[in-house]
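Novice: coords please:
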Amino acid sequence: MTIVLLFITVFILTISCNNEIPNKFFPESTPISKSKTSEQEKIKTLPKEWHNQYLRYIGENTFGPDQKIMGSLMGGISSLHFDAHMGQLLAISDDPGRIGPSRFFTFFPRLTQNTYKLIPAQVFLFKESNQKDAKYLKVDAEGIVVHPNGNILISTEAHFDLEGNENLKAQVLIMSKDAQLLEQLSLPKELISGKKIGTKENRGLEGLAISSDGTMIYSVVEEELKQDRKFNPQYSRFLVYKQNMKKNKYELIHEFLYERDSYKDDNFGVSELCWIDKDLMLSIERKYDQSLDKLFTKIYLISVGNATDVKNEASLKKDAKYIPLKKKLIVDFSDFPGNLLSQGMLGNLEGMSIGPSLDNHHSTLLLVNDNDFDPFQNTGFLAFEILKELK
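Specialist: Numbering: from 1, shown residues only. Next up, the predicted model:
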(Lines give C-alpha, C1' and ligand atoms only; values in the text may rest on other atoms or scores of the structure.)
Protein backbone atom coordinates (compact mmCIF):
# COMPACT_ATOMS: atom_id res chain seq x y z
CA MET A 1 0.00 0.00 0.00
CA THR A 2 2.83 2.37 0.89
CA ILE A 3 4.51 1.62 -2.43
CA VAL A 4 1.31 2.38 -4.37
CA LEU A 5 0.80 5.72 -2.57
CA LEU A 6 4.45 6.64 -3.21
CA PHE A 7 4.05 5.83 -6.93
CA ILE A 8 0.92 8.00 -7.23
CA THR A 9 2.64 10.91 -5.43
CA VAL A 10 5.68 10.75 -7.72
CA PHE A 11 3.42 10.58 -10.81
CA ILE A 12 1.44 13.69 -9.77
CA LEU A 13 4.63 15.64 -8.98
CA THR A 14 6.08 14.65 -12.35
CA ILE A 15 3.14 15.82 -14.44
CA SER A 16 2.81 19.03 -12.42
CA CYS A 17 6.35 19.98 -13.44
CA ASN A 18 5.65 19.27 -17.08
CA ASN A 19 4.90 22.26 -19.37
CA GLU A 20 2.29 20.20 -21.20
CA ILE A 21 -0.16 19.90 -18.28
CA PRO A 22 -3.04 17.53 -19.08
CA ASN A 23 -6.35 19.35 -18.86
CA LYS A 24 -8.07 16.50 -17.01
CA PHE A 25 -6.02 17.26 -13.89
CA PHE A 26 -6.71 21.03 -14.08
CA PRO A 27 -10.10 21.31 -15.81
CA GLU A 28 -10.41 25.10 -15.39
CA SER A 29 -7.04 25.95 -16.91
CA THR A 30 -6.31 26.75 -20.58
CA PRO A 31 -4.22 23.96 -22.10
CA ILE A 32 -0.71 25.07 -23.05
CA SER A 33 -0.85 22.81 -26.09
CA LYS A 34 -3.89 24.71 -27.39
CA SER A 35 -2.07 28.02 -26.95
CA LYS A 36 0.88 26.70 -28.92
CA THR A 37 -1.40 25.55 -31.70
CA SER A 38 -2.91 29.03 -31.89
CA GLU A 39 0.53 30.59 -32.19
CA GLN A 40 1.45 28.16 -34.95
CA GLU A 41 -1.75 28.98 -36.82
CA LYS A 42 -0.99 32.69 -36.41
CA ILE A 43 2.50 32.22 -37.86
CA LYS A 44 1.04 30.37 -40.85
CA THR A 45 -1.17 33.38 -41.65
CA LEU A 46 1.79 35.77 -41.85
CA PRO A 47 2.70 36.59 -45.48
CA LYS A 48 5.75 34.88 -46.94
CA GLU A 49 6.23 37.55 -49.61
CA TRP A 50 5.24 41.11 -50.39
CA HIS A 51 4.46 43.14 -53.49
CA ASN A 52 2.32 45.99 -54.75
CA GLN A 53 1.73 47.15 -58.30
CA TYR A 54 5.22 48.65 -58.60
CA LEU A 55 7.55 46.65 -56.36
CA ARG A 56 8.13 43.05 -55.25
CA TYR A 57 10.32 42.24 -52.25
CA ILE A 58 13.30 40.02 -53.13
CA GLY A 59 15.43 39.74 -50.03
CA GLU A 60 17.61 41.26 -47.35
CA ASN A 61 21.29 41.41 -46.39
CA THR A 62 22.10 42.30 -42.81
CA PHE A 63 25.34 43.38 -41.19
CA GLY A 64 25.77 43.48 -37.43
CA PRO A 65 26.45 46.70 -35.51
CA ASP A 66 30.09 45.67 -35.02
CA GLN A 67 30.71 44.81 -38.70
CA LYS A 68 34.00 46.21 -40.00
CA ILE A 69 35.29 46.44 -43.56
CA MET A 70 39.04 46.87 -43.88
CA GLY A 71 39.14 48.03 -40.24
CA SER A 72 36.38 50.67 -40.54
CA LEU A 73 33.08 50.29 -38.71
CA MET A 74 30.23 49.83 -41.18
CA GLY A 75 27.20 51.70 -39.86
CA GLY A 76 25.17 54.88 -40.14
CA ILE A 77 24.56 54.22 -43.85
CA SER A 78 22.64 57.20 -45.20
CA SER A 79 22.73 56.84 -49.00
CA LEU A 80 23.29 54.33 -51.80
CA HIS A 81 24.35 54.53 -55.43
CA PHE A 82 24.82 51.62 -57.81
CA ASP A 83 27.64 52.24 -60.28
CA ALA A 84 26.61 50.12 -63.27
CA HIS A 85 29.93 50.69 -65.04
CA MET A 86 31.92 49.19 -62.17
CA GLY A 87 29.18 46.81 -61.01
CA GLN A 88 29.53 48.14 -57.47
CA LEU A 89 27.14 49.49 -54.87
CA LEU A 90 28.42 52.53 -52.95
CA ALA A 91 27.14 53.06 -49.40
CA ILE A 92 28.08 56.23 -47.53
CA SER A 93 28.27 56.56 -43.74
CA ASP A 94 27.07 59.68 -41.94
CA ASP A 95 29.77 59.42 -39.27
CA PRO A 96 31.18 62.98 -39.08
CA GLY A 97 34.49 61.80 -37.66
CA ARG A 98 33.29 60.73 -34.22
CA ILE A 99 33.96 57.01 -34.63
CA GLY A 100 36.33 57.13 -37.57
CA PRO A 101 37.12 59.25 -40.64
CA SER A 102 34.16 60.14 -42.88
CA ARG A 103 33.92 57.30 -45.39
CA PHE A 104 32.02 55.23 -47.91
CA PHE A 105 32.00 51.51 -48.61
CA THR A 106 31.70 49.48 -51.80
CA PHE A 107 29.96 46.15 -52.30
CA PHE A 108 29.40 43.72 -55.15
CA PRO A 109 25.65 42.98 -55.33
CA ARG A 110 24.49 39.57 -56.51
CA LEU A 111 20.79 39.42 -57.39
CA THR A 112 18.33 36.88 -58.73
CA GLN A 113 14.55 37.05 -58.68
CA ASN A 114 14.54 35.38 -55.26
CA THR A 115 17.95 36.06 -53.70
CA TYR A 116 20.05 39.05 -52.74
CA LYS A 117 23.66 38.92 -51.60
CA LEU A 118 26.18 41.69 -50.95
CA ILE A 119 29.90 41.02 -51.00
CA PRO A 120 31.91 43.69 -49.11
CA ALA A 121 34.76 45.11 -51.21
CA GLN A 122 36.51 48.28 -49.98
CA VAL A 123 36.31 51.35 -47.78
CA PHE A 124 37.37 54.86 -48.87
CA LEU A 125 38.26 57.59 -46.35
CA PHE A 126 37.55 61.19 -47.37
CA LYS A 127 40.55 63.54 -47.47
CA GLU A 128 40.74 67.33 -47.76
CA SER A 129 43.00 67.19 -50.83
CA ASN A 130 45.26 64.91 -52.86
CA GLN A 131 48.36 65.91 -50.90
CA LYS A 132 50.21 63.14 -49.10
CA ASP A 133 49.84 64.86 -45.73
CA ALA A 134 46.20 65.84 -46.31
CA LYS A 135 43.93 65.59 -43.28
CA TYR A 136 40.82 63.47 -43.18
CA LEU A 137 37.73 65.41 -44.18
CA LYS A 138 35.01 65.66 -41.51
CA VAL A 139 31.50 65.83 -42.98
CA ASP A 140 28.03 64.60 -42.07
CA ALA A 141 27.50 62.90 -45.43
CA GLU A 142 23.89 62.19 -46.41
CA GLY A 143 23.93 61.64 -50.18
CA ILE A 144 26.27 59.98 -52.66
CA VAL A 145 26.28 59.57 -56.46
CA VAL A 146 28.88 58.62 -59.06
CA HIS A 147 29.66 60.85 -62.05
CA PRO A 148 30.22 59.10 -65.42
CA ASN A 149 33.89 60.16 -65.22
CA GLY A 150 34.28 58.22 -61.98
CA ASN A 151 34.28 61.14 -59.57
CA ILE A 152 32.12 60.96 -56.45
CA LEU A 153 29.62 63.65 -55.40
CA ILE A 154 28.34 63.86 -51.84
CA SER A 155 25.82 66.08 -50.04
CA THR A 156 26.16 66.97 -46.38
CA GLU A 157 24.38 68.50 -43.38
CA ALA A 158 25.30 71.38 -41.05
CA HIS A 159 26.22 71.05 -37.39
CA PHE A 160 26.68 73.82 -34.81
CA ASP A 161 28.64 74.21 -31.60
CA LEU A 162 27.13 75.27 -28.28
CA GLU A 163 27.48 78.96 -29.20
CA GLY A 164 25.53 78.44 -32.43
CA ASN A 165 28.55 78.64 -34.71
CA GLU A 166 28.63 76.32 -37.70
CA ASN A 167 31.39 73.75 -37.48
CA LEU A 168 30.15 71.41 -40.24
CA LYS A 169 28.59 72.86 -43.37
CA ALA A 170 25.68 71.84 -45.58
CA GLN A 171 27.29 71.51 -49.00
CA VAL A 172 27.67 69.49 -52.19
CA LEU A 173 31.23 68.28 -52.75
CA ILE A 174 32.96 66.69 -55.73
CA MET A 175 35.52 64.08 -54.76
CA SER A 176 37.95 62.02 -56.80
CA LYS A 177 37.23 58.33 -57.23
CA ASP A 178 39.61 57.63 -54.34
CA ALA A 179 37.77 60.12 -52.05
CA GLN A 180 40.00 63.23 -52.27
CA LEU A 181 38.25 66.62 -52.29
CA LEU A 182 38.30 68.35 -55.69
CA GLU A 183 35.76 71.17 -55.47
CA GLN A 184 32.59 72.45 -53.84
CA LEU A 185 29.39 73.51 -55.58
CA SER A 186 28.14 77.00 -54.88
CA LEU A 187 25.00 77.11 -52.72
CA PRO A 188 22.37 79.87 -52.87
CA LYS A 189 22.85 82.27 -49.98
CA GLU A 190 19.45 81.45 -48.48
CA LEU A 191 20.71 77.92 -47.76
CA ILE A 192 23.93 78.95 -46.05
CA SER A 193 23.30 78.29 -42.38
CA GLY A 194 23.13 81.11 -39.87
CA LYS A 195 21.28 81.74 -36.62
CA LYS A 196 18.03 82.73 -38.34
CA ILE A 197 18.41 81.58 -41.94
CA GLY A 198 19.58 78.55 -43.87
CA THR A 199 19.30 74.84 -43.19
CA LYS A 200 18.54 73.61 -39.69
CA GLU A 201 21.07 71.54 -37.79
CA ASN A 202 21.15 67.93 -38.95
CA ARG A 203 18.43 68.77 -41.51
CA GLY A 204 20.54 69.80 -44.48
CA LEU A 205 21.12 68.49 -48.00
CA GLU A 206 19.83 64.99 -47.43
CA GLY A 207 19.06 63.75 -50.95
CA LEU A 208 21.32 63.78 -54.01
CA ALA A 209 20.76 62.57 -57.59
CA ILE A 210 22.58 62.80 -60.90
CA SER A 211 21.47 62.30 -64.51
CA SER A 212 22.94 59.39 -66.44
CA ASP A 213 25.11 61.71 -68.57
CA GLY A 214 26.32 63.64 -65.53
CA THR A 215 25.14 67.03 -66.81
CA MET A 216 22.41 67.53 -64.18
CA ILE A 217 22.68 67.34 -60.40
CA TYR A 218 19.74 67.50 -57.99
CA SER A 219 19.69 67.95 -54.23
CA VAL A 220 16.92 68.46 -51.69
CA VAL A 221 16.88 69.87 -48.16
CA GLU A 222 15.47 67.40 -45.64
CA GLU A 223 13.12 69.96 -44.07
CA GLU A 224 12.15 73.60 -44.50
CA LEU A 225 14.70 76.40 -44.13
CA LYS A 226 14.70 78.37 -40.89
CA GLN A 227 13.27 81.46 -42.58
CA ASP A 228 10.50 79.43 -44.27
CA ARG A 229 9.28 77.79 -41.07
CA LYS A 230 6.74 80.44 -40.07
CA PHE A 231 4.60 80.59 -43.22
CA ASN A 232 5.54 77.56 -45.32
CA PRO A 233 6.82 74.71 -43.10
CA GLN A 234 5.72 72.02 -45.58
CA TYR A 235 8.17 73.06 -48.30
CA SER A 236 11.75 71.87 -48.78
CA ARG A 237 14.06 73.62 -51.24
CA PHE A 238 14.95 71.49 -54.26
CA LEU A 239 18.14 72.50 -56.09
CA VAL A 240 18.90 71.86 -59.78
CA TYR A 241 22.45 72.26 -61.13
CA LYS A 242 23.50 72.08 -64.77
CA GLN A 243 27.01 71.56 -66.05
CA ASN A 244 28.40 74.55 -67.94
CA MET A 245 30.59 72.85 -70.54
CA LYS A 246 32.56 76.00 -71.44
CA LYS A 247 33.44 76.78 -67.83
CA ASN A 248 33.59 73.10 -66.85
CA LYS A 249 31.61 73.74 -63.67
CA TYR A 250 28.11 73.23 -62.30
CA GLU A 251 25.80 76.21 -61.95
CA LEU A 252 22.55 76.48 -60.04
CA ILE A 253 19.79 77.01 -62.61
CA HIS A 254 16.59 76.30 -60.65
CA GLU A 255 15.30 76.15 -57.11
CA PHE A 256 11.93 74.43 -56.79
CA LEU A 257 9.76 73.48 -53.84
CA TYR A 258 9.21 69.93 -52.64
CA GLU A 259 5.99 69.64 -50.61
CA ARG A 260 6.39 67.06 -47.85
CA ASP A 261 3.47 65.06 -46.50
CA SER A 262 1.84 66.40 -43.36
CA TYR A 263 1.62 64.32 -40.19
CA LYS A 264 -0.41 65.51 -37.19
CA ASP A 265 1.01 68.99 -36.48
CA ASP A 266 4.26 68.40 -38.35
CA ASN A 267 5.59 67.14 -41.69
CA PHE A 268 7.61 64.26 -43.05
CA GLY A 269 11.26 64.76 -43.95
CA VAL A 270 12.97 63.88 -47.25
CA SER A 271 15.87 61.46 -46.83
CA GLU A 272 16.90 60.43 -50.35
CA LEU A 273 16.65 61.07 -54.10
CA CYS A 274 17.21 58.63 -56.95
CA TRP A 275 17.30 59.65 -60.61
CA ILE A 276 15.11 57.67 -63.02
CA ASP A 277 14.90 59.50 -66.35
CA LYS A 278 14.92 63.12 -67.58
CA ASP A 279 13.21 65.06 -64.77
CA LEU A 280 11.80 61.93 -63.04
CA MET A 281 13.18 60.86 -59.66
CA LEU A 282 12.26 58.77 -56.67
CA SER A 283 12.25 60.22 -53.17
CA ILE A 284 12.00 58.78 -49.67
CA GLU A 285 9.87 60.54 -47.07
CA ARG A 286 9.80 59.45 -43.45
CA LYS A 287 8.41 60.54 -40.10
CA TYR A 288 8.93 59.11 -36.61
CA ASP A 289 5.99 59.16 -34.20
CA GLN A 290 7.43 59.01 -30.70
CA SER A 291 4.05 58.39 -29.06
CA LEU A 292 3.59 55.25 -31.17
CA ASP A 293 7.29 54.42 -31.37
CA LYS A 294 6.78 53.92 -35.08
CA LEU A 295 8.54 55.17 -38.19
CA PHE A 296 6.39 55.90 -41.25
CA THR A 297 8.13 55.65 -44.64
CA LYS A 298 6.93 56.36 -48.18
CA ILE A 299 8.51 56.37 -51.63
CA TYR A 300 7.29 58.87 -54.22
CA LEU A 301 7.89 59.37 -57.92
CA ILE A 302 8.52 63.09 -58.40
CA SER A 303 8.79 65.33 -61.47
CA VAL A 304 9.37 69.02 -62.10
CA GLY A 305 6.23 69.64 -64.15
CA ASN A 306 5.31 73.32 -63.99
CA ALA A 307 6.75 73.88 -60.52
CA THR A 308 7.39 77.44 -59.36
CA ASP A 309 11.03 78.52 -59.52
CA VAL A 310 11.97 80.29 -56.25
CA LYS A 311 15.65 80.67 -57.05
CA ASN A 312 15.69 84.38 -56.21
CA GLU A 313 13.51 84.23 -53.08
CA ALA A 314 15.51 84.40 -49.86
CA SER A 315 12.39 83.46 -47.88
CA LEU A 316 9.00 82.23 -49.00
CA LYS A 317 6.18 84.76 -48.85
CA LYS A 318 3.17 84.43 -46.57
CA ASP A 319 0.31 84.55 -49.07
CA ALA A 320 2.10 83.52 -52.26
CA LYS A 321 0.72 80.60 -54.26
CA TYR A 322 3.52 78.20 -55.06
CA ILE A 323 3.33 75.16 -57.33
CA PRO A 324 5.54 72.40 -55.90
CA LEU A 325 7.03 69.39 -57.66
CA LYS A 326 4.58 66.72 -58.74
CA LYS A 327 4.40 63.62 -56.54
CA LYS A 328 3.00 60.15 -57.14
CA LEU A 329 2.95 57.55 -54.36
CA ILE A 330 4.83 54.37 -55.25
CA VAL A 331 4.75 52.61 -51.89
CA ASP A 332 3.68 53.27 -48.31
CA PHE A 333 5.62 50.89 -46.07
CA SER A 334 3.24 51.25 -43.11
CA ASP A 335 1.90 47.73 -43.59
CA PHE A 336 5.07 46.03 -44.80
CA PRO A 337 5.21 42.61 -43.07
CA GLY A 338 7.99 42.75 -40.51
CA ASN A 339 8.25 38.96 -40.39
CA LEU A 340 10.10 39.09 -43.72
CA LEU A 341 12.99 40.93 -42.08
CA SER A 342 15.59 39.72 -39.60
CA GLN A 343 14.77 42.40 -37.01
CA GLY A 344 11.03 42.32 -37.54
CA MET A 345 10.83 45.88 -38.87
CA LEU A 346 12.06 48.07 -41.72
CA GLY A 347 14.06 50.48 -39.61
CA ASN A 348 15.15 53.97 -40.58
CA LEU A 349 15.24 53.80 -44.40
CA GLU A 350 17.63 56.47 -45.69
CA GLY A 351 19.40 55.17 -48.79
CA MET A 352 18.00 54.18 -52.17
CA SER A 353 19.34 53.38 -55.63
CA ILE A 354 18.32 51.69 -58.86
CA GLY A 355 20.23 48.43 -58.85
CA PRO A 356 21.30 45.81 -61.41
CA SER A 357 18.76 44.28 -63.78
CA LEU A 358 17.42 40.78 -63.23
CA ASP A 359 17.44 37.93 -65.74
CA ASN A 360 13.89 38.89 -66.75
CA HIS A 361 15.25 42.37 -67.63
CA HIS A 362 13.34 44.04 -64.81
CA SER A 363 15.25 46.71 -62.90
CA THR A 364 15.72 46.51 -59.14
CA LEU A 365 15.41 49.04 -56.34
CA LEU A 366 17.91 48.84 -53.47
CA LEU A 367 17.23 50.32 -50.02
CA VAL A 368 19.15 50.53 -46.76
CA ASN A 369 18.34 51.50 -43.20
CA ASP A 370 20.56 53.78 -41.12
CA ASN A 371 21.20 52.03 -37.80
CA ASP A 372 22.52 55.31 -36.27
CA PHE A 373 25.41 53.26 -34.84
CA ASP A 374 22.99 51.69 -32.37
CA PRO A 375 24.90 48.77 -30.76
CA PHE A 376 21.73 46.67 -30.81
CA GLN A 377 20.58 47.35 -34.38
CA ASN A 378 21.75 45.78 -37.64
CA THR A 379 22.17 47.54 -40.95
CA GLY A 380 19.68 46.04 -43.40
CA PHE A 381 20.10 46.21 -47.17
CA LEU A 382 16.85 45.41 -49.02
CA ALA A 383 16.19 44.57 -52.68
CA PHE A 384 12.97 44.92 -54.65
CA GLU A 385 12.04 44.00 -58.21
CA ILE A 386 10.47 46.87 -60.17
CA LEU A 387 7.37 45.31 -61.69
CA LYS A 388 6.22 48.12 -63.96
CA GLU A 389 7.68 51.22 -65.55
CA LEU A 390 7.92 54.20 -63.19
CA LYS A 391 6.32 57.08 -65.02
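Novice: how about the residue sitting nearest the centre point of the chain, what does it touch?
Specialist: Centroid check for the chain by Cα atoms, centre = their mean gives residue 350 as the closest residue, at 1.1 Å. Residue 350 is in contact with 77, 78, 79, 142, 271, 272, 284, 286, 368, 369, 370, counting by Cβ atoms under 8 Å, 6 or more residues apart in numbering. In short, each C-beta sits where N, CA and C put it, glycine included.
Novice: I'd like the list of the residues you listed that fall within strands, please.
Specialist: 77, 78, 79, 142, 271, 272, 284, 286, 368, 369 (DSSP state E).
Novice: How many neighbouring residues does the third one have?
Specialist: Residues within reach of residue 79, counting by other Cβ atoms under 10 Å, total 30.
Novice: same question, the last one
Specialist: Residue neighbour count, defined by other Cβ under 10 Å, stands at 26 for residue 369.
Novice: swap in the first one?
Specialist: Using other Cβ under 10 Å as the criterion, residue 77 is surrounded by 25 other residues.
Novice: and it, how far is that from residue 124?
Specialist: With distances taken as Cβ to Cβ, to the nearest Å, residue 77 is found 14 Å from residue 124.
Novice: what is in contact with the two at once?
Specialist: Contacts common to residue 77 and residue 124, judged by Cβ under 8 Å, 6+ apart, are residue 105.
Novice: of the contacts of residue 350, buried ones?
Specialist: Among those, those buried by neighbour count (16 or more other Cβ atoms under 10 Å) are 77, 78, 79, 142, 271, 272, 284, 286, 368, 369, 370.
Novice: quick one: which of these is nearest residue 152?
Specialist: residue 79 (11.2 Å; Cβ to Cβ).
Novice: isn't the closest one right up against residue 208?
Specialist: Yes: counting by Cβ atoms under 8 Å, residue 79 does reach residue 208; the two are 6.9 Å apart.
Novice: Could you tell me which residues touch both of the two?
Specialist: Joint contacts of residue 79 and residue 208 (Cβ under 8 Å, 6+ apart) are 142, 143, 144.
Novice: got the contact list for the first one?
Specialist: When the contact criterion is Cβ under 8 Å, 6+ apart, the partners of residue 142 are 78-79, 92, 94, 154-157, 204-208, 222, 271, 350.
Novice: repeat that for 7 Å
Specialist: Residue 142 is in contact with 78, 79, 94, 155, 156, 157, 204, 205, 206, counting by Cβ atoms under 7 Å, 6 or more residues apart in numbering.
Novice: so what's the residue lying closest to residue 152 once chain neighbours are set aside bridging to?
Specialist: Using Cβ to Cβ, 6 or more residues apart in numbering and skipping the chain neighbours, the partner closest in space to residue 152 is residue 175 (4.3 Å). Beta bridges link residue 175 to residue 152, residue 181 when assigned by DSSP bridges.
Novice: quick revisit: out of the buried ones among the contacts of residue 350, the closest to residue 51 would be?
Specialist: For those, the minimum distance to residue 51 (Cβ to Cβ) is 18.8 Å, reached by residue 284.
Novice: okay but the closest one is in contact with residue 269, surely?
Specialist: No: Residue 284 is beyond contact range of residue 269, at 9.2 Å (criterion: Cβ atoms under 7 Å).
Novice: A strand includes residue 339, no?
Specialist: No: counting by DSSP: H, G, I helix; E, B strand; the rest coil, one finds residue 339 to be helix, located in no strand.
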